[in-house]
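Peer 1: only geometry, no sequence info:
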């Protein structure tokens, strides 16, 4: 914990609050379980599940494939590998006030860049991306996930069924209560005695350790009070020793994330829920076609009971053997359901195509045709990626930004990075929605230049200095010190002009002297004496 306080008296507040908030969570959890049933059934298991639970097996894989595909795209967009998803920013006024001189931005940003790389290294080393992929799938299916980033590093994901949350009308979190099952043997002796797992006599301790060892419920309560996060843990109404503490308002390791924000609701809605009608329809049609195809694939021969052909002789006959009988006495049973299956299959294909667009599957962006250009595929892919703009916006504020603040706070406590002055440097997210906007600007610039190049002499009207600056901004590159300014270009041009003039002047001064020396050499005799006129 950040800061510890003295032990509290037994309260039971965490368990009671969890019980009260369960009723509000029930509707969201029920909907999440239904969405998980037809996509990834093990992601949000049914109520009362255990190791022996037999999960429902869907008849279609579009739901599971779509969730995994979209979760991967979101993960790569929000946490790109080997590239910081944030940038530490300091404004010009604060920079001048801290350094007391101008021209220090390059050095300050160089130092901030080192901190960014250190934080990125912490993310890579802590395998946070593995847990983040799990969180993405929970957000898509249930719409909610609770992230826990301990001081030791790494990240843990709590599914919706293991925590409750309460927010105010503005969406600010007020209370978070998690519920876990722990073994009593992992608790301290003091806590084991307090909850009745052990007694104070050694013989009873041995009997208890050898006997029943059922797990107990551990509740963790995180609540907002006096502009900071108070935390404590509770078992059977007893405060766990050394579990109390508090965190600064923006440094909490507990990060509740929603996929969608709905005013007045403490929980979010999942992406799968928006397309649950199509998924359930596809499930029903797939089941009908699979079962119907299995029935149609069964081969049965009918023999006329009043005919002369013996069914026993046919069954016992070897391949190519002669059997006495009449051909019309034997027929094959066929299901005359081709047209019905065709209608169901066409409907299923239409639903699959709609879901492929919804989950950004690659098969959705390529039409069926002999000539499909790469530009057409890129355009359709860009259109689908732009549809994620709303998703990026909420995840950048409720997931990425709190995650950066928490990781930096933990690194400062472990002396892995210097403590930054409070209120001077702030992290800015540069992936997701920000990258999407810069990508659109870059596409517009390229389209503009391509069109201008087709007009005769129009390319000369382009201010290339401004174009280079805008292109660098669209790519998210810091242009300071990289591209020469107009003043530098003018100064270098003036220096080059002066140097050319000096060289020309030197050449003009040397030429007459060379000519004079040549004339003198012509007047000399072969033996070196000068010629005189007679």
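Peer 2: Cool, the structure landed. Please read all numbers here as calculations on a predicted model, not as lab measurements.
Peer 1: Could you give the number of residues near residue 161?
Peer 2: 19 (other CB atoms under 10 Å). All C-beta atoms are positioned from the backbone trio N, CA, C, and that covers glycine.
Peer 1: And the one 10 residues further on, by the same measure?
Peer 2: A count of neighbours around residue 171, defined by other CB under 10 Å, yields 16.
Peer 1: For it, give me its contacts.
Peer 2: Going by CB atoms under 8 Å, 6 or more residues apart in numbering, residue 171 touches 261, 263.
Peer 1: So it: helix, strand or coil?
Peer 2: coil (DSSP: H, G, I helix; E, B strand; the rest coil).
Peer 1: Counting by contacts, list what the helix or strand that contains residue 28 packs against.
Peer 2: Following DSSP states H and E, one finds residue 28 within helix 13-37. Under the contact criterion of 3 or more CB pairs under 8 Å, 6 or more residues apart in numbering; DSSP states H and E, helix 13-37 touches helix 128-141, strand 163-167, strand 173-182, strand 216-225, strand 228-235, helix 271-274, helix 276-297.
Peer 1: Which one of the ones you listed lies nearest to residue 114?
Peer 2: For the helices and strands packed on helix 13-37, distance to residue 114 was read as CB to CB. The smallest value, 20.1 Å, belongs to helix 128-141.
Peer 1: re the thing from before, tell me which of the helices and strands packed on helix 13-37 approaches residue 157 most closely.
Peer 2: helix 128-141 (4.8 Å).
Peer 1: Next, the buried residues of the closest one.
Peer 2: Neighbour counts over helix 128-141 (16 or more other CB atoms under 10 Å) mark 128-129, 131-141 as buried.
Peer 1: do stretch 65-77 as well
Peer 2: By neighbour count on 16+ other CB under 10 Å, the buried set for stretch 65-77 is 65-68, 70-71, 73-75, 77.
Peer 1: Please state the offset of it from the chain centre?
Peer 2: 7 Å (CA atoms, centre = their mean, to the nearest Å).
Peer 1: Now that stretch: average pLDDT?
Peer 2: When pLDDT is averaged over stretch 65-77, the result is 89.
Peer 1: Kindly state the domain boundaries assigned to the chain.
Peer 2: Per automatic domain parsing, the structural domains of the chain span 13-51+59-192+216-237+244-272+389-413, 276-316+325-384, 432-474, 490-534.
Peer 1: Of all the ones you listed, which one is nearest residue 423?
Peer 2: Using CB to CB, the domains of the chain put domain 13-51+59-192+216-237+244-272+389-413 closest to residue 423, at 8.4 Å.
Peer 1: Dump the helices and strands packed on helix 13-37 into CSV; add mean pLDDT as well.
Peer 2: Below are these laid out as CSV (pLDDT from 0 to 100):
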stretch, mean pLDDT
helix 128-141, 94
strand 163-167, 96
strand 173-182, 93
strand 216-225, 92
strand 228-235, 92
helix 271-274, 94
helix 276-297, 92
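Peer 1: closest to residue 61 out of those?
Peer 2: Judging the helices and strands packed on helix 13-37 by CB to CB, what sits closest to residue 61 is helix 276-297, at 9.1 Å.
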